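In: next comes the sequence, and after it the predicted model I'd like to discuss.
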Amino acid sequence: MGQLRLLAWTGLGVVAAAALLHNAPRLAPGMFDWAEPGNVAAALAQGRGFSDPFDGGTGATAWVSPLPAFIEAGVFALLGVKTAASAVAMLLLAVLGLAGANALLVSAVSPLGAWARGAASASFLAYCVLLPNGPLVVLSEAWLDILLSAALLWAALGVRRSPGPRASAALVAVALVAPLENAGLAVSAGIAVLWVAWSSRGEPRALVVPAVAAAAALLAVAAWTVRNAESLGRLIPLKSNFWFELHLANVDSADGLPRMETVLRRLPYFDVREFSFYSSVGEVNYVESFRQSSVAAIRADPAHFAGNILRRLGAAIVFCKREGGGRGTTFRFDPSDASRLAASGELIPMGSTSLWTRIDAPPAEEHAKLEGLGLRDGAAVAADWANKRLAYDDEYRGPGGVALGFVTAGIPFAALLLSALLRGGRLAAPAAWAAAIAFGMLLPFVLVNHNERHQLPLVGMQAVAIGAFAQALADRRARGAAP
């Protein structure tokens, strides 16, 4: 118990210190991109209902999951809409959530031994603190996914080990809110509840808890589906943008892994033409406009779609390529040059800064395109792009960027496999449950559209795999040293 408390309090201290050091320079009004959930939260706080994901008074939406938006709306109601105080409050919630996840993970792996507890906590904190664009970035939503996945693991293991009111209530609570967070957690909760039920099949009384948890999950989905039917006139169980995401990753993107350029040119949040179309036809019709071309592309070449799924699976369990393709710049463009660059899709003006959208394009190809635009200050513009490209290559394609690709995918998966090998081909219970939960979290995105943003919430389950490997290795050495 002493080690558990020490690791839990250490986790809180580490996460809080890292959050402060990382974000203190950024905690000022107007410096945050609150994105779609923040826009919906603002609409809720201002009495406009669950609406306007891209601003502009576009009306009711189901583009984003309800749980994060309602949490942000509560913060806005107390501290002001999109204020610095609200950003600080959201960061505080992230710190508490990640510290809570660390404590739950340590408790979940506790029966394995001290090595598992220490390695799981250390690797989890390292992921949270050191990953670029990690869960401690201001306004990151990953902390909630991480907390809920850790709570699901802790609750499911608790119900199986020694059913009690705390673990049972936690399992029901997580099953209720998981579908309102995202589709991956909805699948994970379903897998965990079914596994608990199957494990309890010989004990009729023990089936009560998974039955209640399943009912809670179905209630959450049903309630949100009814809301969507009333507001949008369509039966939408979770989110409305399925066809958009499917098109983005499997029609607009050749390999199933969308580049930043593709996202920026298609998402109404960034592209004026897409926003105008979205606003004019409404969300339901906008999303439906992607259905026919998506279905046609998959039917025309199902093997390519299967290849996309395999490539996304590889990104999830072998090497997760970090999102690239965009790079910010403070270069002061000539107004006419800025207009031409924006019209060509090369640049997105964002007030005092701009965003290069094709920073990962082949340099010769990009320079030829810039020359063809007839820019007034072409040489300086090309030089700025080249400088940003060097920084991009250093961050994403240098040794550190390559290492991160394996750290966030291949290394945890290898640790999981090695832990099973060291235990004679069987996974320890915490690792097996963590693998099942991670599988559920990944499944919808591997099938449709997976990227670095969907990989980040796995860090809790990945930490359990690393902890299980460390303990299996320690146990193997102990057995070898025994007389």
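Out: Alright, I've got the coordinates.

In: just list the residues touching the nearest residue to residue 225 once chain neighbours are set aside, thanks.
Out: Sequence neighbours aside, residue 237 is the residue nearest to residue 225 in space, at 5.0 Å (criterion: Cβ to Cβ, 6 or more residues apart in numbering). Where you see a C-beta, it was placed from the backbone N, CA and C, and this is true even at glycine. Residues touching residue 237, when contacts are defined by Cβ atoms under 8 Å, 6 or more residues apart in numbering, comprise 221, 224, 225, 228.

In: narrow the residues you listed to those in strands?
Out: Cross-referencing the contacts of residue 237 against strands under DSSP state E gives no overlap.

In: between those, which sits nearest residue 243?
Out: residue 228 (15.0 Å; Cβ to Cβ).

In: the contacts of residue 237: which two are farthest apart?
Out: Within these (distances taken as Cβ to Cβ), the two that end up farthest apart are 221 and 228, at 10.5 Å.

In: between these two, point out the one with more neighbours.
Out: When residue 221 and residue 228 are compared on other Cβ atoms under 10 Å, the one with more neighbours turns out to be residue 228, at 23 against 16.

In: how far away is that one from residue 282?
Out: In this structure, residue 228 and residue 282 are 13 Å apart, going by Cβ to Cβ, to the nearest Å.

In: can you tell me the SS state at the closest residue to residue 363 other than its chain neighbours?
Out: Ranked by Cβ to Cβ, 6+ apart and with sequence neighbours excluded, the top spatial neighbour of residue 363 is residue 389, at 6.4 Å. For residue 389, the assignment made with DSSP: H, G, I helix; E, B strand; the rest coil gives helix.

In: residue 389 contacts residue 359, correct?
Out: Yes. The pair residue 389 / residue 359 is scored as a contact, 5.6 Å apart, by Cβ atoms under 8 Å.

In: quick check: residue 158 touching residue 169?
Out: No. Counting by Cβ under 8 Å, residue 158 stays clear of residue 169, with 10.1 Å between them.

In: looking at these two, which is more packed in?
Out: Each of residue 158 and residue 169 had its neighbours counted (other Cβ under 10 Å), and the higher figure belongs to residue 158 (19 against 14).

In: gap between that one and residue 331?
Out: Spatial separation of residue 158 from residue 331 under the definition Cβ to Cβ is 55 Å.

In: on that earlier part again, doesn't the residue nearest to residue 225 fall inside a helix?
Out: No. Looking at residue 237 with three-state DSSP, it is coil, so not inside a helix.

In: and the pLDDT at residue 354?
Out: The confidence metric pLDDT takes the value 88 at residue 354.

In: typed the wrong thing, it's residue 29
Out: With respect to pLDDT, residue 29 has a value of 45.

In: same check, this time on residue 200
Out: With respect to pLDDT, residue 200 scores 85.

In: number of nearby residues for it?
Out: Taking other Cβ under 10 Å as the neighbour definition, residue 200 ends up with a count of 19.

In: the nearest residue to it once chain neighbours are set aside and residue 56: what is the separation?
Out: Using Cβ to Cβ, 6+ apart and skipping the chain neighbours, the partner closest in space to residue 200 is residue 206 (3.7 Å). Note on residue 206: its distance to residue 56, by Cβ to Cβ, is 52 Å.

In: which of those two has more neighbours?
Out: When neighbours are counted by other Cβ under 10 Å, residue 206 and residue 56 differ, and residue 206 comes out ahead with 18 against 13.

In: got a list of what the residue nearest to residue 363 touches?
Out: With contact set as Cβ under 8 Å, 6+ apart, residue 389 has these partners: 327, 359, 363, 366.

In: please apply the same query to residue 86.
Out: In this structure, residue 86 makes contact with 72, 75, 76, 79, 80, judged by Cβ under 8 Å, 6+ apart.

In: quick one, phi psi at the residue nearest to residue 225?
Out: Reported as degrees, to the nearest 10, the phi and psi values for residue 237 are phi -60, psi -40.

In: wait, residue 308 touches residue 251, no?
Out: No. Residue 308 lies out of contact with residue 251 (Cβ under 8 Å); the separation is 10.2 Å.

In: tell me which of the two has more neighbours.
Out: residue 308 (24 against 17).

In: please report phi then psi for the residue nearest to that one when sequence neighbours are not counted.
Out: Among residues not flanking residue 308 along the chain, residue 256 sits closest, at 2.7 Å (Cβ to Cβ, 6+ apart). Its backbone dihedrals place residue 256 at phi 80, psi 0, with angles given as degrees, to the nearest 10.

In: contact partners for residue 256?
Out: Taking Cβ under 8 Å, 6+ apart as the test, what residue 256 contacts is 249, 250, 305, 307, 308, 309, 311, 312, 449.

In: let me know the pLDDT of the residue nearest to residue 363.
Out: Here, the pLDDT recorded for residue 389 equals 92.

In: and for residue 103?
Out: Looking at residue 103, its pLDDT is 97.

In: surely it and residue 11 touch.
Out: Yes. When contacts are counted by Cβ under 8 Å, residue 103 is listed as touching residue 11 (6.5 Å).

In: so where is the protein shaky, pLDDT-wise?
Out: Per-residue confidence for the chain (pLDDT under 70) gives these ranges: 1, 25-33, 323-324, 481-483.

In: export stretch 35-55 to PDB, keeping only CA atoms.
Out: In PDB, the C-alpha atoms belonging to stretch 35-55 read as follows (Å, rounded to 0.1, in the frame of the first residue of the first chain):
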ATOM      1  CA  ALA A  35     -11.700  23.600 -32.100                       C
ATOM      2  CA  GLU A  36     -15.000  22.000 -32.700                       C
ATOM      3  CA  PRO A  37     -15.800  20.900 -29.100                       C
ATOM      4  CA  GLY A  38     -14.900  24.300 -27.800                       C
ATOM      5  CA  ASN A  39     -17.300  26.000 -30.300                       C
ATOM      6  CA  VAL A  40     -20.100  23.600 -29.300                       C
ATOM      7  CA  ALA A  41     -19.400  24.300 -25.700                       C
ATOM      8  CA  ALA A  42     -19.600  28.000 -26.300                       C
ATOM      9  CA  ALA A  43     -23.000  27.500 -28.000                       C
ATOM     10  CA  LEU A  44     -24.200  25.500 -25.000                       C
ATOM     11  CA  ALA A  45     -22.900  28.100 -22.500                       C
ATOM     12  CA  GLN A  46     -24.600  30.900 -24.500                       C
ATOM     13  CA  GLY A  47     -27.900  29.200 -24.700                       C
ATOM     14  CA  ARG A  48     -27.800  28.100 -28.400                       C
ATOM     15  CA  GLY A  49     -27.900  24.400 -27.600                       C
ATOM     16  CA  PHE A  50     -25.600  21.700 -28.900                       C
ATOM     17  CA  SER A  51     -24.700  23.500 -32.200                       C
ATOM     18  CA  ASP A  52     -22.200  25.400 -34.300                       C
ATOM     19  CA  PRO A  53     -19.100  23.200 -34.300                       C
ATOM     20  CA  PHE A  54     -17.400  25.500 -36.800                       C
ATOM     21  CA  ASP A  55     -18.900  28.800 -35.500                       C
END
